[in-house]
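A.B. asks: coords below, sequence missing:
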């Protein structure tokens, strides 16, 4: 028996015809819009179809509204509200149709206005589904751009794997070569900008924003730093040094004009309760201060330079600030929409917290905004996860797949990372500097070792020094009982941990500052040198590295330390620094005699002054851009050198009085650039090794780098000569070239 609601009626037949007519209309619109005929008649016809389609849908909606039960009749015994729900549903459907027509019309208008300005001989264009409103040729060729050497390889990857992550389709990738190129040039920056996309870029042109101006009032910053006791040491340093910051900023005022104001988030993972390191609390009891010094100075620099500063030091606050719409931002593609900050200063612990709370998607979404404060640095072979895994470069601190220049170090260890540095606090006024020799009328030595364990095995050294100097120390004591210190000789005048003011007063009256071999690369030796002391820097006969020293185990670097403080050994030297083997009594005696009879003035490299740091940090903020292809420093500073066999680019450039600049590697990573610089190649091949680009001197074969994250200044191989991008640098400001400012 036929069911009543399946009975064929005139109304149902009419409804069916209406739906068929609508489908026909949409099909006709699609066919018309994808036609390549650009004649005036075709344009008029398409406009007419849009108008008629709009009127058609409105008429259907009107008829649906006038029908008591919508276009469909209800069953013989309808459920309550059935007709209302059907009518409401159809009204929503038709309203959506109208909105879609609005979008079609907008896209048509965009196409129309673009076509008017097109040269008539240009290739025909059509609308595709890769990014809304994009117009591109019917076929696209992979551009041959030497400065984008990985474009072809990434195109091949996209062809095979673009469906592996839904985020590519969300960005408009549809499987066509053109959509791949648009994505790789505008979203991930692997390919050069496309000429035919100049008016249809997916990222809106950057609008002129607010300009930064110096902020000399420290009260808002100090209130921000009063929010938690873990920030107390940082607050005290910022407050104490504020006059130095203001003086430095005013000195640079003319060069700090016309700067864009940035939104900068600073997260101190090492101070978070989750880290359980208690850096802030231990700072007053002999705990490590190097990291706190650096973070203090980064915060002060960003603030006084006039940027919008947001501070975070808990996992919860970081998560709330970086929380992203997981539905809108699926997979591992760059984040859509405006990021929460233009720059995010963070440490490795902070990155681990993001990974734990937001997953690797959170790391990937914000990857290009990170500036990782990393005291000892991260070398490319530890940073690029697939290579590190393949070569067993194990490190709990590595594998982030960032541009290695996004890691900011305490000292200029390696050109592969960026040098952030810190400010050495200066406590001598001009009068005291002039009278420094009168102040240091005592032959007094102060030992650099604030924990008892650091003194182990130092007995012979102390006996040699006591012949020439009265020895003082600032070793942390558990209580007032001196006998608690097992390794500190009884003849040492130990003051315990001193407040900053008393410590610097002690340094003013000290002539010799003695290193014990540990801690490595701390700020104290520079502070002593700035106070007029001479630093006795322990030389390591066997350089220390992750291969032979427990402290460096797991650190993502193979860097070898030739002394307790390589920076002052290389960049300062005599008469301020004597680097000697402290186990060689004869060498120690000769150095002590020479130091005792010398007159040394205070000295501080410009890059460790407040002015030097402000200049460097401001330049980084304005010039560093890891979210787009951007060559900085300027190409004018590039000087190409060919290293010796087995020599790194770091060493090859250094031998010429230059510094290796990894930002230039893409400019040299092709045959044309090599031949232009006098490097003849019998053959070319691709290589995913830290010593490419390079040349095999034996075979004459040249190799180009196939993975941009493996560009390395420190990479070397005994069979290869490195092709090295060098640059000059400002004396006392190694991070910047003469054309950088």
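C.D. replies: Here it is on my side, so go on. Small disclaimer: the values here were computed from a predicted structure and weren't measured. Residues are numbered from 1 along each chain as shown.

A.B. asks: Please make it C-alpha for all contacts and neighbour counts, starting now.
C.D. replies: Will do.

A.B. asks: buried set for the helix or strand residue 616 falls within?
C.D. replies: According to DSSP states H and E, residue 616 maps onto helix 610-623. Applying a neighbour-count criterion of 16 or more other C-alpha atoms under 10 Å, one finds 610, 611, 612, 613, 614, 615, 616, 617, 618, 619, 620, 621 buried in helix 610-623.

A.B. asks: The helix or strand immediately after it in the chain packs against which elements?
C.D. replies: Downstream of helix 610-623, the first helix or strand assigned by DSSP H and E is strand 639-645. Judged by 3 or more C-alpha pairs under 8 Å, 6 or more residues apart in numbering; DSSP states H and E, the packing partners of strand 639-645 are helix 649-655, strand 720-727.

A.B. asks: swap the cut-off to 6 Å and go again
C.D. replies: Packing partners of strand 639-645 (3 or more C-alpha pairs under 6 Å, 6 or more residues apart in numbering; DSSP states H and E): strand 720-727.

A.B. asks: end-to-end on stretch 673-683?
C.D. replies: One end of stretch 673-683 sits 14 Å from the other (C-alpha to C-alpha, to the nearest Å).

A.B. asks: Kindly report the same for stretch 152-172.
C.D. replies: 20 Å.

A.B. asks: The chain should start at 28 in everything you say after this.
C.D. replies: Will do, 28 is the new start, and the previous item becomes stretch 179-199.

A.B. asks: quick one: buried residues of that stretch?
C.D. replies: 179, 181, 182, 185, 189, 194, 195, 196, 197, 198, 199.

A.B. asks: Which residues does the helix or strand hosting residue 556 contact?
C.D. replies: Residue 556 belongs to helix 551-557 when assigned by DSSP H and E. For helix 551-557, the external contacting residues (C-alpha atoms under 6 Å, 6 or more residues apart in numbering) are 451, 629, 630, 631.

A.B. asks: Redo those residues as CSV? Include secondary structure and distance to residue 716.
C.D. replies: Formatted as CSV, these follow (DSSP: H, G, I helix; E, B strand; the rest coil; distance: C-alpha to C-alpha, whole Å):
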residue, secondary structure, distance to residue 716
451, coil, 38
629, coil, 45
630, coil, 41
631, coil, 39
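
A.B. asks: Out of those residues, grab the one that's most surrounded.
C.D. replies: residue 451 (24 neighbours; other C-alpha atoms under 10 Å).

A.B. asks: any idea how far that one lies from residue 317?
C.D. replies: 11 Å.

A.B. asks: now residue 581
C.D. replies: Taking C-alpha to C-alpha, one finds residue 581 at 20 Å from residue 317.

A.B. asks: Same check on residue 701?
C.D. replies: When distance is defined by C-alpha to C-alpha, residue 701 is 42 Å away from residue 317.

A.B. asks: Show me which of these two is the more surrounded one.
C.D. replies: residue 701 (21 against 17).

A.B. asks: how many neighbours does the nearest residue to that one once chain neighbours are set aside have?
C.D. replies: Spatial nearest neighbour of residue 701, chain neighbours left out: residue 695 (6.3 Å); criterion: C-alpha to C-alpha, 6 or more residues apart in numbering. When counting by other C-alpha under 10 Å, one arrives at 24 neighbours for residue 695.

A.B. asks: What backbone torsions are found at residue 695?
C.D. replies: The phi/psi pair for residue 695 (degrees, to the nearest 10) reads phi -110, psi 0.

A.B. asks: Next, the angle from the host helix or strand of residue 268 to helix 637-650.
C.D. replies: In the assignment (DSSP H and E), residue 268 maps to helix 259-278. With axes from the mean of the first three to the mean of the last three C-alpha atoms, to 10 degrees defining the directions, helix 259-278 sits at 90 degrees from helix 637-650.

A.B. asks: mind checking how far helix 259-278 is from the chain centre?
C.D. replies: Counting by C-alpha atoms, centre = their mean, to the nearest Å, helix 259-278 is centred 26 Å from the centre of its parent chain.

A.B. asks: now stretch 376-396
C.D. replies: With C-alpha atoms, centre = their mean, you get 12 Å for stretch 376-396.

A.B. asks: tell me the average confidence for it?
C.D. replies: Confidence for stretch 376-396, expressed as mean pLDDT, is 86.

A.B. asks: Check stretch 291-306 too.
C.D. replies: So the average pLDDT for stretch 291-306 ends up being 81.

A.B. asks: just stretch 272-279 next, same as before
C.D. replies: On average, stretch 272-279 scores 97.

A.B. asks: Then stretch 616-631?
C.D. replies: Rounded mean pLDDT across stretch 616-631 is 94.

A.B. asks: Now do the end-to-end distance for that stretch.
C.D. replies: The straight-line separation of the ends of stretch 616-631 (C-alpha to C-alpha) is 26 Å.

A.B. asks: Kindly state the pLDDT recorded for residue 768?
C.D. replies: Reported pLDDT for residue 768: 88.

A.B. asks: next one: residue 223
C.D. replies: Each residue has a pLDDT score; the one for residue 223 is 78.

A.B. asks: shaky segments in this protein?
C.D. replies: For the chain, the stretches flagged by pLDDT under 70 are 28-165, 225-235, 301-315, 351-359, 362-364, 457, 460-468, 505-510.
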